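[1] model the structure of this input:
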Amino acid sequence: MKSLPNWLPTAALSAILLLVYGSTMSLSIQEIDAGELATVQYLLGIAHPSGYPLFTFLGFAVVRSMGFAEPLLVSNALNLIMVVLGAVFFFAGLRTLYPKENAWLMLLSVLSVFFSLRVWSQAVSLEVYGYHIGLLGLWTWLFIRYQQKADSKAPIWLGLSTGLLFSNHLISIVVVPGLLWALWKAHTTWKARLLEGGIMTAAGLAAALPFYAGMYFLANQSPEAYFGDLSSLNGFWNHVTGAQYRVWMFQGWEFSKENIGLFIKGLPVDLYWTLLPASLGLWFGRKAWPWLFIQLVVCVWYASNYDIPDIEPYYLSATLLLLFPVYAFFRYLAETVKPAWLIVLPAALLPFLLLAKHGERANRRNDVLVERYARSALLSLPENALVITRQWDVFVSPGMYLQTVNKLRPDVVILDKELFRRPWYLSRGQQRHPEVWMGTEPALDSLLPKLKAFEAGDPNPQGIQQAFEGWIQELMRQNVGRRPVLLGPELVDEEVGRRSDVVLPEGLRLVPLTYFYLLRSDTAYVPISDSLDPVADMSPAVLETESRIHRMIRQLRISMMANRFGYENYYGRIEEATRWRQRADQMRGRKSARGPVELPPQPQQ
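    This next block holds a predicted model:
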C-alpha cells in the first residue's frame, strides 16, 4: 500500500485550524486595544508601548495591499493566519524531534493545545499576541533544529527568529533563559559559547533593528495615529521598553503567589481534558526537555509578577509549550499499547472535547456588542462634542478606528482622562485641537512640569494633584459654551463629588443623555429620544455574557438609564421616567429596581 504524502498532516492541520478559527473569527471591532491596533496598521502609526513594530509594518503592508476589503477584516484575518502558522511551526518542531514517529498523533497533540481557550481566543480577534504565537512557533522549531545541530547555519537562523520575536512583543524575554541554557549545553568552552552567542546576538539585532529604526523614523514624521513621544532617544527607549508599565511589575511574593494560584486554578477551564495528558507527559518528558521546563517556569513566574486585568495572554508561551508533554504522553502509550489505533482514537477525542467545551465562548463571529456600543455612543453625541471619559476598552480605542478609518463623526473630540497624566498626550492634544485647549494654557503650564517630574522619577511632585484637578476643571470650564462637553458615566459614578480627579466647575450641572452626561450652566430641561437603543435592544444572550467587557457595557448602560429615569422624574415627566426605569430594569434582568436612583447634584431652581 502506498504511504500517504509527507505534507498531508501539515495540510490537514492548517485546514482544520483555518476552518474552525475562520468560522469563529470576529467581523467587528472588539475590546481593549483592537480598535487602536487596527487603526495603527491601517494608517501606519505608533501603537502604545512597546510599539510592536513588526506587527505594525507587516500589518500595514498586507492591509494596504488588500485595499478593496474592510481594513479591520484584513487585520483580523492576518492575525488568524499568524496563529495557524504558529501551529504549523510547532508541528514542524515535533516532527524534527521525532522524524520517524506517528505524525497524526503529533497533529492531535497540537490541536489539543490550539483549541484551548487561551490560544483560540487570540486567533479570532485582533491583538499582538496572535503574531507572538506565530513567531514563537517559528522560534521553537528553529530552537529544536539548533539543539539537534541540523545545519551549520542553525545559530544564525535561531538568532534571526529571536530578533523577530523581540520586534513584536517584549514578552518574548521569557525565551532567553532557555536559549542561554541551550547555548551552554552546546559547547564545553567559554570561547565557543561566547562566539556562538555573539553570532546569535548579531543575527537578532540584524532582524530587530530595521523594525525599531523604522518605528523611530516614523515617529519623527508625526503620524496621525501616534501613542507616546518617541521624538528623543530617551523617549524612544522608554516607549520600546514599556517603562510606564514598570510600576505594575514585581510587587512582591504575596502578589505573585496569588497570580500563580489563579493561573493553576484556570488550567482545567482552559485546557479541559488536555490537562491530564499534559500533566502526565511532563513526567515522561522530564529528562528529554529541560529547556521546556525552564521556559515554563520563567513564563509563569514573569507573567504572575505583572499586575494588569487582562494578564491571560502573558501565559501563552507556557500554554503552547504543553503540546510537547501532550505528545510525550501519547508517545508513551503508543509504545506500550498495541494496536496503535487504541491510542489514536482517544487522542482524537481531545480536540472534539475542547471544541464542544470552548466553541460557544471562543466564537466572536456574532459578537458585535463593543462596536455597536462605540458606534451608537458616537452617533448619539451632539455636533462638535467634546467627550472626556475613561472608557478606553469599549469607546476610546474602538472610536479611533470608527473616526479615522471609517470617518464616522470626525467632528467629535474624544479625550481619555487617564492619558491626561502623560505630558505627550496634553502637548499633542494642544497641537491637534487648539480650539479645545484654548484658554487652558495657564493651568497647562502649571501642570506639565509636574507631570514631567513625575515621569522622571519624582513620586510626588509638590502640588501635582491640585494642578491635575485644576487643569481638568479648566478644560471643562473653557469649553462649556463653545461646544457640548460630556463626561463618561464611569467618571460621574466613581469620581465626581468623591474627592477624585474630576471636580465640576462651579455653576455647572450634569444632564444624563443616552450614553454620556452633558455639562450645562442652566437648569432648562434637555429632551432626548428613547425610541431606539442599539445596545439595550440586543438579545439577552449577548448582553448577559459573563465577560468583563460585557459586564462593563451592561453596567454603563444601566447607570445611564437609571439616572435618566431620575432626571425625568425630577422634572415631573412621569411617563418618560417610567420608560427609562423599565429599560434599566430590563437590562438588570429583573422586574423592578432596588430602591431609588441617586440623582446627580442639581442647582436650585
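[2] okay, domains of this protein per the record?
    Using automatic domain parsing, the domain ranges for the chain come out as 8-362, 369-527.
[3] let's have those in a markdown table, adding distance to residue 562.
    Bear in mind the C-beta positions are built from the backbone N, C-alpha and C, glycine included. Formatted as a markdown table, the domains of the chain follow (distance: least, Cβ to Cβ, whole Å):
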| stretch | distance to residue 562 |
| --- | --- |
| domain 8-362 | 23 |
| domain 369-527 | 9 |
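[4] mind checking which of those is nearest residue 556?
    Shortest distance between residue 556 and these, using Cβ to Cβ, is found for domain 369-527: 5.5 Å.
[5] how far away from the center of its chain is that closest one?
    Centroid separation between domain 369-527 and its chain, computed with Cα atoms, centre = their mean, to the nearest Å, is 23 Å.
[6] and the end-to-end length of it?
    Start-to-end span of domain 369-527 (Cα to Cα, to the nearest Å) is 26 Å.
[7] repeat for stretch 56-72
    Termini of stretch 56-72 sit 13 Å apart (Cα to Cα).
[8] can you give me the strands in the protein?
    Assigned by DSSP state E, the strands in the chain fall at 386-389, 413-416, 485-487, 509-512, 517-520.
[9] test my guess that residue 151 contacts residue 145.
    Yes - contact criterion Cβ atoms under 8 Å: residue 151 and residue 145 qualify, at 7.4 Å.
[10] before we move on, back to that, quick one: the strands of the chain as JSON lines, columns for distance to residue 280 too.
    Below are those laid out as JSON lines (distance: least, Cβ to Cβ, whole Å):
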{"stretch": "strand 386-389", "distance to residue 280": "49"}
{"stretch": "strand 413-416", "distance to residue 280": "48"}
{"stretch": "strand 485-487", "distance to residue 280": "55"}
{"stretch": "strand 509-512", "distance to residue 280": "57"}
{"stretch": "strand 517-520", "distance to residue 280": "57"}
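[11] so which of those strands gets nearest residue 276?
    Among the strands of the chain, strand 413-416 comes nearest to residue 276, with 44.7 Å by Cβ to Cβ.
[12] only alpha carbons, please: show the closest one as CSV.
    Extracted in CSV, the C-alpha atoms of strand 413-416 (Å, rounded to 0.1, in the frame of the first residue of the first chain):
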residue,chain,number,x,y,z
VAL,A,413,-13.1,65.1,20.1
ILE,A,414,-12.6,62.2,22.4
LEU,A,415,-10.2,62.6,25.3
ASP,A,416,-9.1,59.8,27.6
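[13] quick revisit: tell me which of the strands of the chain lies nearest to residue 255.
    Once these are compared by Cβ to Cβ, strand 413-416 is nearest, at 26.7 Å.
[14] output the contacting helices and strands for the closest one.
    Other helices and strands packing on strand 413-416, by 3 or more Cβ pairs under 8 Å, 6 or more residues apart in numbering; DSSP states H and E, are strand 386-389.
[15] partners of the strand it packs on in the sheet?
    Here strand 386-389 is paired, per DSSP bridges, with strand 413-416 (parallel), strand 485-487 (parallel).
[16] residues touching the first one, excluding its own?
    Right, the one you point to is strand 413-416. 385-390, 392, 395-396, 399, 403, 425, 429, 433, 436 (Cβ atoms under 8 Å, 6 or more residues apart in numbering).
[17] cool, and the last one?
    For strand 485-487, the external contacting residues (Cβ under 8 Å, 6+ apart) are 381, 385-389, 476, 479, 496, 502, 510, 513, 516-519.
[18] that older thread, among residue 151 and residue 145, which residue is more densely surrounded?
    For residue 151 versus residue 145, neighbours defined as other Cβ atoms under 10 Å are more numerous around residue 145 (19 against 11).
[19] quick one: low-confidence ranges for the stretch 1-150 of the chain?
    Applying pLDDT under 70 to the stretch 1-150 of the chain flags the ranges 1-4.
[20] kindly recompute the last result at 50.
    For the stretch 1-150 of the chain, the stretches with pLDDT under 50 are 1.
[21] helix or strand with the lowest mean pLDDT in the protein?
    helix 540-543 (a mean of 61; mean pLDDT, DSSP states H and E).
[22] hey, where'd the helices end up in the stretch 1-150 of the chain?
    8-24, 34-43, 53-65, 71-97, 103-114, 117-123, 128-147 (DSSP state H, counting those that start in this stretch).
[23] how far is the shortest one from where the chain is centred?
    Between the centre of helix 117-123 and the centre of its host chain there is 12 Å, according to Cα atoms, centre = their mean.
[24] and the contacts of it?
    Residues contacting helix 117-123 (Cβ under 8 Å, 6+ apart): 17, 20-21, 24-25, 79-80, 83-84, 113-114, 129-130, 133, 269-270, 312-313, 315-316, 319-320, 358, 361-362.
[25] noted, bye for now.
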